[in-house]
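> Attaching a predicted model along with its sequence, questions to come.
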Amino acid sequence: MTVSVDTIKQIIRPYGDTTGDAMVQVSFTLPVPHGPRAESAALQLAGKMGLDPATVVHSKPMGPDFTFFIVYGKATHLIDYAGIVVPEGREYPLLTPKQVNLAIKSVLGRKLVVVGACIGTDAHTVGIDAILNVKGFAGEKGLEYYREIEVHNLGAQVEVAELVARAKEADADAVLVSQVVTQKSAHIHNTKQMAAAFADAYPTSVTGGLGRPLLVAGGPRFDTVRAADLGVDRIFGKGTTPGEVASYLVAALVPSWSPE
Amino acid sequence: MTVSVDTIKQIIRPYGDTTGDAMVQVSFTLPVPHGPRAESAALQLAGKMGLDPATVVHSKPMGPDFTFFIVYGKATHLIDYAGIVVPEGREYPLLTPKQVNLAIKSVLGRKLVVVGACIGTDAHTVGIDAILNVKGFAGEKGLEYYREIEVHNLGAQVEVAELVARAKEADADAVLVSQVVTQKSAHIHNTKQMAAAFADAYPTSVTGGLGRPLLVAGGPRFDTVRAADLGVDRIFGKGTTPGEVASYLVAALVPSWSPE
Amino acid sequence: MSKLGLDPAVVAKARRLAARAAEPIIEMARTHTTVSVERAVLRLAGVTGADADGTPWVNRIADAVREQVGLEHGVALPVFHALREHQDPRELVRARFEVPEGAHAVRAGKRAREAVARGIARIDANRAERDRLLGKHGDPDPPWVYLIVATGDIHEDIPQAQAAAREGADVIAVIRSTGQSLLDFVPEGATRQGYAGTYATQENFRLMRAALDEVSGELGRYVRLTNYASGLCMPEIATLAGLERLDMMLNDCMYGIIFRDINPKRTFIDQRFSRQIHARAGIVINTGEDNYLTTADAVDAAHTVIASQLLNERFGHEAGLADAQLGLGHAFEINPDLPDSFRLELAHAQLVRELFPDAPLKYMPPTKHMTGNIFAGYLLDAFFNLAGVLTGQSIILIGMMTEGIHTPWLSDRDLALENVRYVRRAAGALAEDFHPAPGGLIVERARRVLSETVDLLDRVADDGLLNAIADGVFGVTRRPADRGKGLDGVIVQADGYYNPATEILQERP
Amino acid sequence: MSKLGLDPAVVAKARRLAARAAEPIIEMARTHTTVSVERAVLRLAGVTGADADGTPWVNRIADAVREQVGLEHGVALPVFHALREHQDPRELVRARFEVPEGAHAVRAGKRAREAVARGIARIDANRAERDRLLGKHGDPDPPWVYLIVATGDIHEDIPQAQAAAREGADVIAVIRSTGQSLLDFVPEGATRQGYAGTYATQENFRLMRAALDEVSGELGRYVRLTNYASGLCMPEIATLAGLERLDMMLNDCMYGIIFRDINPKRTFIDQRFSRQIHARAGIVINTGEDNYLTTADAVDAAHTVIASQLLNERFGHEAGLADAQLGLGHAFEINPDLPDSFRLELAHAQLVRELFPDAPLKYMPPTKHMTGNIFAGYLLDAFFNLAGVLTGQSIILIGMMTEGIHTPWLSDRDLALENVRYVRRAAGALAEDFHPAPGGLIVERARRVLSETVDLLDRVADDGLLNAIADGVFGVTRRPADRGKGLDGVIVQADGYYNPATEILQERP
Ligand code: B12
Ligand code: B12
Ligand SMILES: Cc1ncc(COP(=O)(O)O)c(C=O)c1O
Ligand SMILES: Cc1ncc(COP(=O)(O)O)c(C=O)c1O
């Protein structure tokens, strides 16, 4: 992941209808009965969030013990827009299927083997299928369409032990797992557990993907963590296309190849 | 304004679907082009608001220069619910129209004179009419209905100088002004200007309402300020009923009377 | 093809009664003039600019004439008589005015008429230019999406208006500064200091129209511009709108009376002249019945909306407006807590549609029952948008989920457009599947509102419209005929009153 | 009264083809049994509880029987034969089983039948009790508002469910823990550790039903309880639902196959038995066609939904379910970016309504096209609610504006209820004003979907349903007949197979 920092100093604030008004909207529930005391609590929270002044524009009892609030207020915070360290979208070049196939064939001299699954009790296969199935996503064909990629899509609710076994059996170059359910941070736990199991199963494993298959995780809500935190090599988020994944696989597993 | 403080210590957090999850929703616009850099800026703001972790669940370009965001995150703040200083709803007893009339008649021995208006360029009369007109509000009749109250409703867009003149002319006991438009803090400026004009016009004026008519301001969005800040005697907000206002007038102008 | 099965005899009766109620008012308007009507004549005759204090020359001149010889003969004869000697307004205001007689009068009248005719020719040219641009850029199909800008600064308004057009607005309204309608003059020049809106000035009109012409070309769709005529300067603002090719104008026969406490006579006289100008300019007027429902209940007072629309129609026709220029207003303001609120609204909206089949109806979103609950607000706006689609409304104002909180933010407008776009795209031609059940709630409700309208107009025709207004029939606000702002600007025409503008406009082109 | 003017001959043909496609499957189900069917028999016969590891005794017993003598004769004869000596399950699992013959078989069969009959009598009593409570508390008019609780902890679920009922829910669904459908046993006791849902157990069913009885009394309205039968333990969960007076159950002939990769044969055998139980219990089943539209496109695959509903109907009827017990599922999943999406949806929803006039249709809200834009989501849910009103759907799941983000929060549910309440209150009987234009988009679309359904069923009837499933016809997911979980639990019945439950259920009461 590389970073880019703008050279111009630029301090921004939220925008309602005038530059600098800094207005934002917030909603939340407090576990207290509706009434003026609850409203004061809501304003206290808004204050702690740095909203000053803040107005409760709506409050509604939800049963005897909870109150829902909508608050508008002026954020006192400044954002140093110029100083923002922004993850670059992609640290590798985007290749056509043709280029991907050529890279694998000419450098590897054999098919690149990919094993994919939804692990744990997660049964949301639409995301991983979008990446793997021929049908693909957003107009791009999935990895099965690539002549030089051999895809084993294990489907949903695959246990980690089974995934490791199947990856070994297939002699996988890369393992792609999808995690969509995030309740109680399921996606984080499951992915870490998977990474640990691969580390165990491949004692020669060193960070960077040597000695074990490349580990790739994907799903719509991984944006609060980094790959290293999970023990995987890369994370793909919302709206990923198959071409991005194929290009990444080439960059990571066939690094010596260059499109020229 | 009196305060009440609970004796039990109670620390609360926002509630999504589990006690203590502390989840809140936020939306805002940043004056920057859509993209990963903007998203990082949105997360920076969320972080400064004390949301950790925070997720951008929606971001949308609005033209080339602005981006709209919806963010969900866990608020790191605690609310000391027990320690909250909560404004008591009302510092005076609520009276029936009969009691109000009796108080005025028996103590004042003449009609109580009220002058009402929307000042400045504000033309929103529905609120002040709700308080003054016979028709009233929320099932309660307005002040015109009270036999012992003489109401001069000047209507909309009354200039402060005219209001002062009319108040003098009518020998007003109380002046009631409504301010609904809050853009560029118009309600604050206009009310302050009105209070200052009355202070000027009644040189004997001392705080507490002696020597000048009682000054009452009302409108839906006065909740960020206190009466003293504006130089008026009391503020009424959203959902005020005529009975509350009449009862307050008695408490403030006929303090010696008691319902027993 | 009527969906409500309205009885044509009842409809005809309602129209007859409206005409009867309007007649005495029209007669009054024919025999009176106002300071603003006279200033409008000067504007048509080419007088522009203001003195160092910002007071327009037209005000200075009309005031001077009034002081010296009165305005009961009109401003045209005294001024064009005086113009023999003084050409520059700076001098003219210091002239000694007299009402010319005999050959002098004939000569002054002729020159006044020539000057005013040049102004009207410019209005005609603008109308032709609009037609040309509509052909060139394309005229969007109704319903037109109507969006508001209101920064107070014309130079901020312009990029916002262009952005709104790019996001789908077919009509841009520049909201006026809150105080302007009570000013008895039209401010001059480009302005940057408005208050919850931007001043309506000739230069602001020009700048905005030019900006929208630019974006119309870019988008391949003519983007209309609208502003507000109502107020103490209705005739003048209407004139400026014609001179600067605005496309629509808020212009109601009673709005100023009820919501700005402007004197009823003043308003009725001004509206007639201003509508004669609009008629010539090809401008679509938008009336203000929607406002009634912010002070009165939308169910109880539904018939007052219809009655007022029929009056506005009558006054409009009499002033020369074609049906296609009558953007009659109504609004989605029924309390959402009421059972069947949406069906009742469909009844009202369909009734308006069927009563005025050729009018480009202006349909206003919910405002009164919008609270701080922005989700509830977004929902209500969606049903408003749907009602618009189902009943074939023409000009759709876009509701903001934050209506109960603040003037629209950039994001409010964006979300509002997403809302209306979804509803229109998703519902498509759903109106063709909407057929109120015979004898059902919708049909019965529409019939009842129409019959209440007839009853009301019957009373108004008998008692007089001015008395009805004094009684608070419209918007539950009482406005006696001899009170309110601007009454001192009303003048009874003397024998020999001459107004070249009215003369030309009444000849019809 | 048809609004679409469907051709009855085409409808009849579709039903005939569905029956033909279903027939071989029914035959297979009649001649096979599964481990779960046999365990269900034991449960009906009164076997309860689990060993120290939490493995239910029914599993231990059935496994022991299978190991020793196989299950091809059913579990009833060997077990009731062994019961001569061992009464306690703890001992029974250690018994030596044999398949009794001659008089022994007759005696074991008789006692098995008596025991199972007691279980079925309890189901009958529950059904009568439901009828009594419906009379006492009152049965809400459809559409029923269906709300979900999913805390994972039955003791958290209970207050949430009661709160939801107080806020207007007519049906409470307790979502199951994500992994449960793949467990080949039913967990025991009250559970507090579920994962995005709470385990379906007999005790949890009992606790929740009691809590809802309490709140039904309070509200004067019988609040229904539903849970999920589908999965590897369909027959057993259906049995437990009958024993604990649940009111509805998710039960689809193909959901487990397509969305949980359960073996097709296993599923078809299990669903038949489970539906026989539901039929007897007076439970309304909810089928899962809505799920197809999360993996397939709602427009392209609309006919697969209808085809599947016709199959579910046929399988349901054959298992003894009345029309009033067929809560056929469908969903509002058309891409909101498509032109006419709402009208297309009205076509689909009305088609389902007219094809199954007596079925309590289950209508699911948008999920697939819900994004992080909660305002857009709230809007889409409003149109879903409106479609439900316009097309007379029966069981309305309540859409959450945060569907694209997280499992529902308290406030999401509250706002969702405000949404549906507004739409229902505002629209009232608007359906009576909805009359698709003859030859219009809605009528033509419905006709086309129906004809595509007929074509599809024609192919399926010829090629075999198992092949169609293997080809990915439903939910674009391929499931070959010899793959998937639980195939090893499928057993061909031997001559002399005896299942007292099936016997009693097929006698019909
Ligand atoms: C379809 C769906 C289902 C279908 C799944 C069918 C199937 N075969 O997949 C069905 C109906 C069976 C289902 C069931 C359930 N679901 Co569901 N479901 C959804 C839904 C509507 C859409 C998900 C989807 O398909 N998105 C489209 C795909 C293309 O997007 P994607 O997954 O993000 O994938 C993209 C990227 O993330 C990335 N990607 C994803 N994985 C991978 C992997 C790799 C290696 C790479 C490189 C990239 C990558 O690339 C993809 C293409 O760009 C969402 C709500 C929503 N609108 O998001 C809920 C949702 C995901 N479900 C949810 C839940 C809780 C469930 C249930 C438990 C009960 C319920 N409430 O419905 C059950 C049980 C499921 C289980 N055991 O896991 C929750 C999850 C909540 C959370 N955040 O924890 C959601 C958010 C709904 C909600 N608000 O409650 N569900
Ligand atoms: C009705 C209305 C109008 C009517 C007013 C008719 C009339 N005769 O009053 C018309 C159509 C004319 C109008 C015009 C305009 N309006 Co307006 N209008 C509203 C609307 C829809 C409802 C206000 C209302 O009547 N509320 C009901 C009353 C009963 O509530 P209330 O005023 O809060 O009063 C209660 C309490 O506050 C209190 N109270 C109020 N005053 C007083 C005084 C005293 C002494 C006491 C004791 C108590 C008290 O008691 C009342 C009863 O409980 C609001 C939007 C909304 N939904 O709130 C916009 C709104 C107030 N309008 C607004 C604006 C900007 C305008 C315009 C400038 C243009 C426009 N965008 O429409 C013009 C110009 C008006 C002007 N010059 O002031 C904005 C104000 C934005 C802001 N916060 O600054 C709003 C919020 C709409 C918006 N989002 O843009 N409007
Ligand atoms: C017909 C009409 N004229 C004028 C206005 C605006 O007038 P003002 O500028 O006085 O607020 C409105 C308000 O919506 C209106 O409906
Ligand atoms: C028919 C049917 N059965 C069962 C389920 C739930 O199954 P599981 O518990 O496996 O997620 C669903 C999901 O919505 C369904 O539609």
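Done, it's in. Ligands and ions are numbered 1, 2, ... in the order given.
> So which bits of chain A are right by ligand 2?
For chain A, no residue is in contact with ligand 2 (Cβ under 6 Å from any ligand atom). Glycine gets a C-beta too; all of them are placed from N, C-alpha and C.
> From the centre of chain A, point out the most distant residue.
Distance from the centre of chain A peaks at A:Pro36, with 41.0 Å (Cα atoms, centre = their mean).
> mind checking pLDDT for the closest residue to it other than its chain neighbours?
The shortest distance from A:Pro36 to any non-neighbouring residue, by Cβ to Cβ, 6 or more residues apart in numbering or on different chains, is to B:Val86 (5.4 Å). With respect to pLDDT, B:Val86 scores 73.
> ok, now A:Met1?
Looking at A:Met1, the pLDDT reads 35.
> what's the answer for C:Ala481, then?
In this model, C:Ala481 carries a pLDDT of 96.
> I figured it was touching C:Arg266, is that so?
No - using Cβ atoms under 8 Å, C:Ala481 makes no contact with C:Arg266, being 10.3 Å away.
> quick one, which of the two is more surrounded?
When neighbours are counted by other Cβ atoms under 10 Å in any protein chain shown, C:Ala481 and C:Arg266 differ, and C:Arg266 comes out ahead with 25 against 17.
> quick check, the more buried one in a helix?
Yes - the assignment for C:Arg266 (DSSP: H, G, I helix; E, B strand; the rest coil) places it in a helix.
> And it, how far from ligand 3?
14 Å (Cβ to the nearest ligand atom, to the nearest Å).
> what's that residue in contact with, if anything?
C:34, C:232, C:256, C:484-487, C:489-490 (Cβ atoms under 8 Å, 6 or more residues apart in numbering or on different chains).
> and if you look at C:Arg483?
C:261, C:263.
> Equivalent analysis for A:Val113, please.
Counting by Cβ under 8 Å, 6+ apart, A:Val113 touches A:149-150, A:152, A:170-174.
> make it 7 Å
A:150, A:170-173 (Cβ atoms under 7 Å, 6 or more residues apart in numbering or on different chains).
> Quick check: residues of chain A near chain D?
Residues of chain A lying close to chain D by Cβ under 7 Å from any Cβ of the partner chain are A:29, A:62-63, A:66, A:68, A:121, A:123, A:126, A:155-157, A:181, A:183.
> Among these, which pair sits farthest apart?
A:Gly63 and A:Gly155 (41.2 Å; Cβ to Cβ).
> From the contact counts, what lies against the lowest-mean-pLDDT helix or strand in chain C?
Every helix and strand of chain C was ranked by mean pLDDT, DSSP states H and E. The lowest is helix C:89-92, at a mean of 83. Contact partners of helix C:89-92 among helices and strands, from 3 or more Cβ pairs under 7 Å, 6 or more residues apart in numbering or on different chains; DSSP states H and E: helix C:57-69.
> What is the burial count for the residue nearest to A:Pro36?
With other Cβ under 10 Å as criterion, B:Val86 counts 17.
> So which residues make contact with the biggest helix by length in chain A?
In chain A, with assignment by DSSP state H, the single longest helix is helix A:186-201. For helix A:186-201, the external contacting residues (Cβ under 7 Å, 6+ apart) are A:119-120, A:160, A:163-164, A:168, A:177, A:179, A:181, A:205, A:212-213, A:215, A:217, A:219, A:221-222, A:225, A:230-232.
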